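>>> show me how the following folds:
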Amino acid sequence: MSQLQVSRSVAPIGLVAGWGRYPLIVAEALAAQGRPIVGLGVKGHADPEIVRLCDSFRWVGIAKLGAAIRFLRRHGVSEATMAGKIHKVKLYQPWLLIRHLPDWQALKTFWPHFIGHRADRKDDTLLGSVVDAFATHGIDFRPATDFAPELLVKSGALTSRRPTAAERADIEFGWRLAKEMGRLDVGQSVAVKNRAVLAVEAIEGTDECIRRAGTLCAAGGFTVVKVAKPQQDMRFDVPTIGLGTLQTMVEAGAALLAIESEKTILLDEPAVIEFANRHRLAIVAYDARAMDAHRAA
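Predicted structure coming up:
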């Protein structure tokens, strides 16, 4: 191993941790690679367990962008990654500015979106602005899957149960819709049955989309399709599923989950597959190019 490779392997890496288990798994992967972790836990989102996994750590509010940048720079971080969901609905609570008291860096970064109204508030736009703000201070973000590539699901059926002919038709139907919603940066998931749209994910997230579909389709047996955006930036907002997704599906009466291979993060895969098989759920991962070729044929 060259001296450059050694120095890179022990260089500290920043980890911005949002909601869910994903940040914990990424932190464990980084630790296994010998990378000192400088963690930033987003208040109201990150699991407190993340503190134990980091060499240095600070809790930070969603509007304390300057404090986050200064903390990483103070610890010699020039490379960072982010993992975990940020609940965008928090941005629509009353008295947003008073609740979160943005610092100067946050005001500069988000002024066009929340004050000047010159820019939109789509996920890619907001998260792209965050990444750009860090980059101007010498901190470059990399996809978390660069450090834990095994989390990206492979093509094929993951469960014992396979899709029926009717479900395959719903998958193809839902796939096209989900890709279009992703292109518009609205959401990444749709719920369909008999080639009718039950629910489309927006700001509420996948679980609430599934619950709404269950309310509207009391008979159950519907299909959930979750895909990456055509313009997916793997540094943030990568589609992720885990046990929570499957539990919501069972409660809502869903029967099948179709996801995109190599672009979807699957957390706790053995437990997810065991749970799905026990509840007779089907999970299938499709390659986007193969799906597009099949639809064009």
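>>> so which residues of the stretch 1-150 of the chain form strands?
13-17, 37-42, 56-60, 79-83, 140-141 (DSSP state E, counting those that start in this stretch).
>>> mean neighbour count, these: which tops it?
Burial of the strands of the stretch 1-150 of the chain is given as mean neighbour count (mean count of other Cβ atoms under 10 Å); strand 13-17 ranks first at a mean of 27. For the C-beta atoms, the positions are set from N, CA and C on the backbone; glycine is no exception.
>>> go ahead and confirm G61 touches L40.
No: taking contacts as Cβ atoms under 8 Å, G61 lies outside contact range of L40: 10.5 Å.
>>> now P12: closest residue in space that isn't a chain neighbour?
In space, and not counting its chain neighbours, P12 is closest to P36: 4.3 Å by Cβ to Cβ, 6 or more residues apart in numbering.
>>> again, but for D146
T81 is the one closest to D146 (Cβ to Cβ, 6+ apart), at 7.5 Å.
>>> thinking again about what came up before, how close does the residue nearest to P12 get to G214?
Distance of P36 to G214, computed by Cβ to Cβ, to the nearest Å: 44 Å.
>>> quick one, which of these two is more surrounded?
Applying other Cβ atoms under 10 Å to P36 and G214 shows that G214 carries more neighbours, namely 21 against 16.
>>> so who does that one touch?
Each residue near G214 by Cβ atoms under 8 Å, 6 or more residues apart in numbering is listed here: 220, 222, 251-254.
>>> repeat the analysis, applying 7 Å as the threshold.
Applying Cβ atoms under 7 Å, 6 or more residues apart in numbering to G214 gives the contacts 252-254.
>>> dihedrals phi and psi, it?
G214 adopts backbone torsions of phi -60, psi -40, taken as degrees, to the nearest 10.
>>> with the one 4 residues further on instead?
Comment: the main-chain dihedrals of A218 come out as phi -60, psi -20, following degrees, to the nearest 10.
>>> find the nearest non-adjacent residue to it, please.
Nearest non-adjacent residue to A218 (Cβ to Cβ, 6+ apart): G253, at 7.5 Å.
>>> and the one you found, what pLDDT?
G253 is assigned 98 on the pLDDT scale.
>>> cool, the one 10 residues further on as well?
Note on K263: pLDDT of 96.
>>> contacts only, for the nearest residue to it once chain neighbours are set aside.
Leaving aside its sequence neighbours, K263 sits nearest to A228 (Cβ to Cβ, 6+ apart; 3.7 Å). Each residue near A228 by Cβ under 7 Å, 6+ apart is listed here: 182, 188, 239, 260, 263-264.
>>> could you measure from the closest residue to P143 other than its chain neighbours over to F222?
Closest residue to P143 apart from its sequence neighbours, by Cβ to Cβ, 6+ apart: M234 at 3.9 Å. Separation of M234 from F222 (Cβ to Cβ): 29 Å.
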